[in-house]
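Participant: Curious how this folds, go ahead:
(chains A and B)
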There are 2 protein chains.
Amino acid sequence: MIAIGIDVGGMSIKGGSVSLDGKVLETFTMPVIKGEKQDITINKLIDALKAFINKHHYEGQILGIGLGIPGMIDSPKGIVFASSNLKWENLPIVKMLDDAFHLPIRITNDANAAALGEAIFGAGSKYNSSIMITLGTGVGGGVIIDHKLFEGNEGKGTELGHMVIVPNGLPCGCGRKGCLEQYASASALIRETKNAMLEHKDSKMWNLVNSVDEVNGKTVFDGVALNDTYAKEVLDNYIFYLGEGLLNFCNIFRPNVIILSGGIAKQGENLNSRLRAYMADRNYGYTNSPAVDLVSATLGYNAGIIGAATLIINK
Amino acid sequence: MIAIGIDVGGMSIKGGSVSLDGKVLETFTMPVIKGEKQDITINKLIDALKAFINKHHYEGQILGIGLGIPGMIDSPKGIVFASSNLKWENLPIVKMLDDAFHLPIRITNDANAAALGEAIFGAGSKYNSSIMITLGTGVGGGVIIDHKLFEGNEGKGTELGHMVIVPNGLPCGCGRKGCLEQYASASALIRETKNAMLEHKDSKMWNLVNSVDEVNGKTVFDGVALNDTYAKEVLDNYIFYLGEGLLNFCNIFRPNVIILSGGIAKQGENLNSRLRAYMADRNYGYTNSPAVDLVSATLGYNAGIIGAATLIINK
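Facilitator: Next comes the predicted model:
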């Protein structure tokens, strides 16, 4: 038996068959066309899925289909409430797929799906409870308590990147000011790296790139390796905000482990060792708090597919 | 049948019999003696409970005993991990009471117990999911998702008052700096009221008290009623920090309702209408967020007893 996991993105939909021990067997992709009506995209997805199932002779072997979708998802009702990336609104995707396949269909937010995959089959597999934080363009989060996905009420919670950490701070795309995302995302780190370089023409980071347009999430780490004062300052600030955000999540969820994923998490121990030191120094939240481990995600590119399939496997 | 609910405080332990529809039938109290060894206190509690049960002929009618205890509780293991108020540590209270009564025994943090009581039998009874925030000496929180208490991992989460909202802000008793508790508790509101009065001798709040020692959580509301500029400023600031904290909880848990309790919540609509306006103005968290109701707690003094009993009734 297998489960099918589908990772819906703004540019493309990736799907795959996943074994019950979390291995991706076969995959398919289909492009998402900007501005296309949502019903048309879903019908194309149904066709692509049917072709995939036929090609690999999966009929009769499928436990169900799980989907991770960006945006606000009402998972109990099976509806995409709103997805600003995809311009989907009130889309009864579970019913549409159920009508087509007569199989168990489950959906969740894409960050939740990836977190569930990592929790059950990746970096979190030896822990009961974990939080995965994705440090990318934004900051995404997923929470697993006792091996189960925690989505808040009606699947609409755990928007962890939109916790305000600096009241009246930097404006965020969500409409609030001072969200964690504005201080702890890859975009934020790159922004601050550029600012520091533009302000300090003597920064050793100028040895690493020809112009600030070449700055990426690694630049500041390379600058610190060169012992650049300005790079160190930028990274210390980043660790401070991200660390305070993670400590908030410790106090709110008290996971056994925090898993980092996304662009910045590729720095591995360069990032983790600093964050661990910060969190330990602050007692993992407050005096006498139990320690919380910190590790990097391991599933990589396929986390979304595995996680979406885990919605079915883990039931 | 009845359940017994016990509300453990730093000064006294209050207990009561609770009907299955959440009504307190009979009560008892016993003092807590500072510095007394934890085992001695628990043995006294067992004796008091036995006397209470005998007095009201409850034997054979008790579904179980629930306890709300201040501090960090490992509810699945039935252990008080640490209670700084009571100086209890690694106390296997569930086993001790089970040995004495041979009844189901459940424990949780006191803020969680009160929140559960309000959620099931009080202000939250018509909602699936609620958060109760207690605005007292500190800021306590409890989270109910789908009519069930959410405690985070191992019952050690939802320390909502210790979410840092101002990085490197005011020092908190928990060791962190800038916790919500330091900006949204009754103590914080009183502190800011006093500061404003001491700074502005022309404040109309001076008509309300003889000295700053008489300032309480109501003073600033009375000052606003007198149209005092300084009172208005203090209250606006308070609404701002509390509002941002509540919006964070909306994004993290997306409850149907937030219930306010504790000293400041006694201001009722004077407080609630302002907070509602603030939250609505900010889309209840982010663009397109579902609205979250805001109401005052209704169970009052007995919320702790009812909530502790609800641990048994609600199972």
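Participant: Longest helix in chain A, by number of residues?
Facilitator: Of all the elements of type helix in chain A, the one with the most residues (DSSP state H) is helix A:229-253.
Participant: which residues touch residue A:87?
Facilitator: Residues touching residue A:87, when contacts are defined by C-beta atoms under 8 Å, 6 or more residues apart in numbering or on different chains, comprise A:35, A:38. In this view, the C-beta of every residue, glycine as well, is placed from N, C-alpha and C.
Participant: one step back: what comes up buried for the longest helix of chain A?
Facilitator: A:230-231, A:233-235, A:237-239, A:241-253 (16 or more other C-beta atoms under 10 Å in any protein chain shown).
Participant: From those, list the ones also adjacent to chain B.
Facilitator: Restricting the buried residues of helix A:229-253 to those near chain B by C-beta under 8 Å from any C-beta of the partner chain leaves A:241, A:244, A:247-248, A:251-253.
Participant: Burial check on residue A:311, number of neighbours?
Facilitator: As a burial measure, residue A:311 scores 26 neighbours (other C-beta atoms under 10 Å in any protein chain shown).
Participant: Any figure for the gap between residue A:177 and residue B:242?
Facilitator: In this structure, residue A:177 lies at 16 Å from residue B:242, with C-beta to C-beta, to the nearest Å as the measure.
Participant: circling back to that earlier point, over the helix or strand just after the longest helix of chain A, what's the mean pLDDT, rounded is fine.
Facilitator: Sequence order places strand A:257-261 as the next helix or strand after helix A:229-253, per DSSP states H and E. On average, the pLDDT along strand A:257-261 is 98.
Participant: Run the angle between strand A:257-261 and helix A:229-253 for me.
Facilitator: Going by axes from the mean of the first three to the mean of the last three C-alpha atoms, to 10 degrees, strand A:257-261 is angled at 130 degrees with respect to helix A:229-253.
Participant: next helix or strand past strand A:257-261?
Facilitator: helix A:269-281.
Participant: In that next one, which residues are buried?
Facilitator: Neighbour counts using 16+ other C-beta under 10 Å place A:271-272, A:274-276, A:278-279 of helix A:269-281 among the buried residues.
Participant: Okay, angle between that helix and strand A:257-261 too, please.
Facilitator: Going by the same axes, to 10 degrees, helix A:269-281 makes 150 degrees with strand A:257-261.
Participant: can you pull the contacts of residue A:129?
Facilitator: If you count contacts by C-beta under 8 Å, 6+ apart, then residue A:129 has A:144-147, A:253-257, B:152-154 around it.
Participant: mind running it again at 6 Å?
Facilitator: By C-beta atoms under 6 Å, 6 or more residues apart in numbering or on different chains, the residues touching residue A:129 are A:145, A:255-256, B:153.
Participant: Any residues of the stretch 101-250 of chain A in contact with chain B? List them.
Facilitator: Neighbours of chain B within the stretch 101-250 of chain A, by C-beta under 6 Å from any C-beta of the partner chain: A:129, A:145, A:152-153, A:156-157, A:159, A:162-164, A:167, A:174-175, A:244, A:248.
Participant: Now intersect those residues with the helices, please.
Facilitator: Residues from these lying in helices, with DSSP H as the criterion: A:244, A:248.
Participant: List buried members of the residues of the stretch 101-250 of chain A next to chain B by neighbour count.
Facilitator: Using 16+ other C-beta under 10 Å as the burial test, those include A:129, A:145, A:152-153, A:156-157, A:159, A:162-164, A:167, A:174, A:244, A:248 as buried.
Participant: want to throw these into CSV with distance to residue B:30 and pLDDT?
Facilitator: Written out in CSV, the entries for those read as follows (distance: C-beta to C-beta, whole Å; pLDDT from 0 to 100):
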residue, distance to residue B:30, pLDDT
A:129, 36, 96
A:145, 35, 93
A:152, 39, 89
A:153, 38, 87
A:156, 44, 83
A:157, 40, 85
A:159, 44, 92
A:162, 46, 95
A:163, 41, 97
A:164, 43, 97
A:167, 43, 96
A:174, 50, 89
A:244, 41, 98
A:248, 37, 98
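Participant: Distance check, residue A:189 against chain B.
Facilitator: With the distance defined as C-beta to the nearest C-beta, to the nearest Å, residue A:189 ends up 16 Å from chain B.
Participant: Surely that residue is in a helix?
Facilitator: Yes - counting by DSSP: H, G, I helix; E, B strand; the rest coil, one finds residue A:189 located in a helix.
Participant: mind listing what whichever residue of the stretch 201-315 of chain A sits closest to chain B touches?
Facilitator: Nearest residue of the stretch 201-315 of chain A to chain B, counting by C-beta to the nearest C-beta: residue A:286, 3.4 Å away. By C-beta under 6 Å, 6+ apart, the contact set of residue A:286 is B:162, B:174-175.
Participant: how about those in TSV, adding distance to chain A?
Facilitator: Rendered in TSV, the data for the contacts of residue A:286 read as follows (distance: C-beta to the nearest C-beta, whole Å):
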residue	distance to chain A
B:162	5
B:174	3
B:175	5
